[in-house]
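Novice: curious how this folds, go ahead:
(2 chains)
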There are 2 protein chains.
Amino acid sequence: MSLRQEIRKGEVAIDAPPATDAGLVFIGRIRTPWTSRLDCPRQGRRDGPTCRIELFEPWTPGLAGIEAFETLEVLYWLDRSRRDLVRQSPADDGSTRGVFALRSPVRPNPIGTSLVTLLGVEGATMLVRGLDCLDGTPLIDLKPDRCAFTPLAPPQPGDFQVGD
Amino acid sequence: MSLRQEIRKGEVAIDAPPATDAGLVFIGRIRTPWTSRLDCPRQGRRDGPTCRIELFEPWTPGLAGIEAFETLEVLYWLDRSRRDLVRQSPADDGSTRGVFALRSPVRPNPIGTSLVTLLGVEGATMLVRGLDCLDGTPLIDLKPDRCAFTPLAPPQPGDFQVGD
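Specialist: Numbering: from 1, shown residues only, chains lettered A, B, ... in the order given. The predicted model follows:
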């Protein structure tokens, strides 16, 4: 199974610069029911199947307090995606749109983001609903949803700065 | 100016594995009014100051169609953050919480995410409100907000799959 390698009518591939500006560490693995990209949901749904997020050592102490949040933001690495298509044709009908106007897995930095419902925490594993990625997808970050999170640090001047 | 390097009372640093599992390319630069982390908002506000997202070549054809979206998700690299604090004390009061229960810039993979209001596009520059990052922060991705985006690809089996 792999994500598509073909270029469709109207799509534009560029000669991508090397991806060496910063490095990622995979901090866990995501377990879902989907082993082919042709079966995955195009977007996760909050009433979808239960999936598992397995965190690797040495990161597990970072979970302390996570059970307080019903909604988490999950960042993962779409490791089977090409990165060079700046215009894409999702419907393969000749019409194209820029990659930044799409949530396609094919992107310069193939990072997926989902909002998930946290159903439970079992040791280093979180049970969640709302994902759309392939089984085995590498995890790169977990955060509380911004709407549920109130900063704990003392206020700073920028907090009060509004635009013209 | 740098993000903090000290370890506060109760915080736990681990010996982080090398960040060599995947590589990022910086696709642009973010311009904000904030040059010190002590001035930044702790979270962006949608009525905050206008900031500029400058996209680099060869990625600019990827902007085609972006002006249709009022809200964008922005991913950026918090290049001045340490990555090894699994328990942190945002208030520096001795109480700590796991990194995955915080939206701190200090994380194993220091990627910030914001939802911003798109005010306009001028060539390869987007004018937006809602950011909270330092001036000069590297850009790694832009996507339409998931709530405003309807997939263009044909339906797939996973789209209809719900949990028990």
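
Novice: quick check, A:Ile7 in contact with A:Ala13.
Specialist: Yes: between A:Ile7 and A:Ala13 there is a contact under C-beta atoms under 8 Å: 5.8 Å. For every residue, glycine as well, the C-beta is placed using N, CA and C.

Novice: need the three-state assignment for A:Val86.
Specialist: Taking DSSP: H, G, I helix; E, B strand; the rest coil as the rule, one finds A:Val86 in the strand state.

Novice: list the residues that contact it.
Specialist: Counting by C-beta atoms under 8 Å, 6 or more residues apart in numbering or on different chains, A:Val86 makes contact with A:12-14, A:98-99, B:58-59, B:61-62.

Novice: any low-confidence regions in chain A?
Specialist: Along chain A, the model assigns pLDDT under 70 to residues A:1-4.

Novice: show me where it has its helices.
Specialist: Applying DSSP state H to chain A gives no helices.

Novice: just how off-centre is stretch A:121-133 within its chain?
Specialist: 13 Å (C-alpha atoms, centre = their mean, to the nearest Å).

Novice: no no, stretch A:113-122
Specialist: On C-alpha atoms, centre = their mean, the centre of stretch A:113-122 falls 13 Å from the chain's centre.

Novice: contacts for it, please.
Specialist: For stretch A:113-122, the external contacting residues (C-beta under 8 Å, 6+ apart) are A:44, A:46, A:50-51, A:63, A:66-67, A:69-76, A:126-133, A:145, B:73, B:75, B:113, B:143, B:146.

Novice: for it, buried residues please.
Specialist: For stretch A:113-122, a neighbour-count test (16 or more other C-beta atoms under 10 Å in any protein chain shown) marks A:113-118 as buried.

Novice: quick one: the longest strand along chain A to strand B:111-122, angle?
Specialist: When chain A is parsed with DSSP state E, its longest strand is strand A:111-122. Orientation check (axes from the mean of the first three to the mean of the last three C-alpha atoms, to 10 degrees): strand A:111-122 against strand B:111-122 gives 150 degrees.

Novice: residues in contact with A:Gly28?
Specialist: A:53-56, A:59, A:124, A:138-139.

Novice: next, give me the two most distant ones among the residues you listed.
Specialist: Greatest spacing in the contacts of A:Gly28, by C-beta to C-beta: A:Ala124 and A:Pro138 (15.2 Å).

Novice: tell me how many other residues crowd A:Glu57.
Specialist: Counted with other C-beta atoms under 10 Å in any protein chain shown, residues neighbouring A:Glu57 total 11.

Novice: contact partners for it?
Specialist: Taking C-beta under 8 Å, 6+ apart, one finds A:Ala124 in contact with A:Glu57.

Novice: torsion angles phi and psi at it?
Specialist: phi -70, psi 150 (degrees, to the nearest 10).

Novice: strands of chain A, start to end?
Specialist: A:12-13, A:22-24, A:28-31, A:51-55, A:71-77, A:85-88, A:97-98, A:111-122, A:125-129, A:137-144.

Novice: and the fifth one, what does it pack against?
Specialist: In this case it means strand A:71-77. If contacts are counted by 3 or more C-beta pairs under 8 Å, 6 or more residues apart in numbering or on different chains; DSSP states H and E, strand A:71-77 sits against strand A:111-122, strand A:125-129, strand A:137-144, strand B:111-122.

Novice: equivalent analysis for the first one, please.
Specialist: Counting contacts by 3+ C-beta pairs under 8 Å, 6+ apart, strand A:12-13 packs against strand A:85-88.

Novice: any idea how far the strand it packs on is from the chain center?
Specialist: 19 Å.

Novice: that one pairs with which strands?
Specialist: Here strand A:85-88 has these sheet partners by DSSP bridges: strand A:12-13 (antiparallel), strand A:97-98 (antiparallel).

Novice: highest average neighbour count across the ones you listed?
Specialist: Among the strands paired with strand A:85-88, the stretch with the highest mean neighbour count (mean count of other C-beta atoms under 10 Å in any protein chain shown) is strand A:97-98, at a mean of 21.

Novice: looking at the strands paired with strand A:85-88, which is closest to A:Ser89?
Specialist: strand A:97-98 (7.9 Å).

Novice: what comes into contact with that closest one?
Specialist: Residues contacting strand A:97-98 (C-beta under 8 Å, 6+ apart): A:86-90, B:61-66, B:152.
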